[in-house]
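A.B. asks: No sequence on hand, only this structure:
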């Protein structure tokens, strides 16, 4: 009797657990989850092909990917309406993100920029968290003022919220992250219906600001990168080296690639930063055009599902938040792929869910967790 009773209890517990798991997945956007998991697998294969199973970065990335999935799951069960209905947590998150971002200027340089908080062996890049903070704050700001968004003062106020972290990021200096923050602001303005004359004014100010940045704000190495982009062979062993080697890696991959672990540009050290900044080129060398099309297709799938979740939601905050998250993911992918192919100057922007790096990965997984929360709670 005792054994029979024990079996019955186990079956009951298993059925309850299965019902809980099924209920959880029923509330998720499964295509989004599948797209994220597949990108994680491809990223791991790409890193494995570059350095092998014993490479430290490969092992770390596998762990980070697992942690990222857990983070997304945990955030997805938190009701996003806490952010929608309350201003204080949004401002606190933005304030903490900005304080961490500003504190990077107190730390020593890594690869010529002060973008990381370093404590012992731990490194964290607050600009990635800041992007999420900007998305949340802009979604909150515009959703509360969508009726009055035609008023220019709201454009100015929202611009200040975005310009402050962008200026700190430029001071590091990290041009790529500053550009993405301002892209998020502009796309969200377009989403809420900015007047065309206001848009024209912003574009004019942006052009003037870019010219002034070239004169006073950009570091010498950033100017050299832009000039190398125009003609990389003018300095083939200096600032043009990255672009040339990236193009060689992509070209040598052909359509099907040279095979897993057979990318000589990456494995022999000719391709700089193959794990992060030039992960797309390393992927193209190993898996060819076919592999890059799969990655680009999965990125489009993820962006589309995030936007779909926003469209299906019942409120402006959720819609605008999803627009912001989709913009961050798409901007990172588009800029990184363009840099790797030589269409844009080198910016140091990682390819979302493909490049190595914990700060960007975990920040994106938190954002995707909130997107899943919007799907769950509507």
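C.D. replies: All right, it came through fine. Everything quoted here is computed from the prediction, not taken from an experiment.
A.B. asks: Can you list the residue ranges for helices in the stretch 251-378 of the chain?
C.D. replies: Secondary structure of the stretch 251-378 of the chain (DSSP state H, counting those that start in this stretch): helices located at 264-267, 279-312, 316-341, 358-377.
A.B. asks: want to throw those helices into CSV with mean neighbour count?
C.D. replies: To be clear about C-beta, it is placed using only N, CA and C from the backbone, and glycine gets the same treatment. Output for the helices of the stretch 251-378 of the chain, formatted as CSV (neighbours: other Cβ atoms under 10 Å):
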stretch, mean neighbour count
helix 264-267, 22
helix 279-312, 21
helix 316-341, 23
helix 358-377, 23
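A.B. asks: So for residue 125, which of those helices sits nearest?
C.D. replies: Among these, helix 358-377 comes nearest to residue 125, with 3.8 Å by Cβ to Cβ.
A.B. asks: helices and strands around that closest one, which ones?
C.D. replies: Packing partners of helix 358-377 (3 or more Cβ pairs under 8 Å, 6 or more residues apart in numbering; DSSP states H and E): helix 30-51, helix 56-76, helix 126-144, helix 279-312, helix 316-341.
A.B. asks: closest one to residue 373 among the ones you listed?
C.D. replies: Residue 373 lies closest, by Cβ to Cβ, to one member of the helices and strands packed on helix 358-377: helix 56-76, at 5.1 Å.
A.B. asks: got the buried residues for that closest one?
C.D. replies: 57, 58, 61, 62, 64, 65, 68, 69, 71, 72, 75, 76 (16 or more other Cβ atoms under 10 Å).
A.B. asks: contacts for the helix or strand following it?
C.D. replies: Note on helix 56-76: by DSSP states H and E, the next helix or strand toward the C-terminus is helix 81-85. Contact with helix 81-85 is made by 89, 90, 136, 140, 143, 315, 317, 318, 321, 370, 377, as judged by Cβ atoms under 8 Å, 6 or more residues apart in numbering.
A.B. asks: Run through the residues that contact the third one.
C.D. replies: When the contact criterion is Cβ under 8 Å, 6+ apart, the partners of residue 136 are 83, 90, 93, 94, 321, 324.
A.B. asks: Quick check, pLDDT for the last one.
C.D. replies: To tie it back to what came earlier, the one meant is residue 324. Residue 324 is assigned 97 on the pLDDT scale.
A.B. asks: oh, and call the first residue 10 from now on, that's how I've got it
C.D. replies: Yes, from this point I'll number from 10; that puts the last item at residue 333.
A.B. asks: that older thread, is it possible to get CSV of the helices and strands packed on helix 367-386 that adds distance to residue 256?
C.D. replies: Formatted as CSV, the helices and strands packed on helix 367-386 follow (distance: least, Cβ to Cβ, whole Å):
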stretch, distance to residue 256
helix 39-60, 18
helix 65-85, 24
helix 135-153, 28
helix 288-321, 8
helix 325-350, 7
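A.B. asks: As a markdown table, the contacts of helix 90-94 with pLDDT and distance to residue 373 would be great.
C.D. replies: Formatted as a markdown table, the contacts of helix 90-94 follow (pLDDT from 0 to 100; distance: Cβ to Cβ, whole Å):
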| residue | pLDDT | distance to residue 373 |
| --- | --- | --- |
| 98 | 93 | 20 |
| 99 | 95 | 19 |
| 145 | 97 | 14 |
| 149 | 94 | 20 |
| 152 | 88 | 22 |
| 324 | 90 | 23 |
| 326 | 94 | 19 |
| 327 | 95 | 18 |
| 330 | 97 | 14 |
| 379 | 96 | 11 |
| 386 | 88 | 20 |
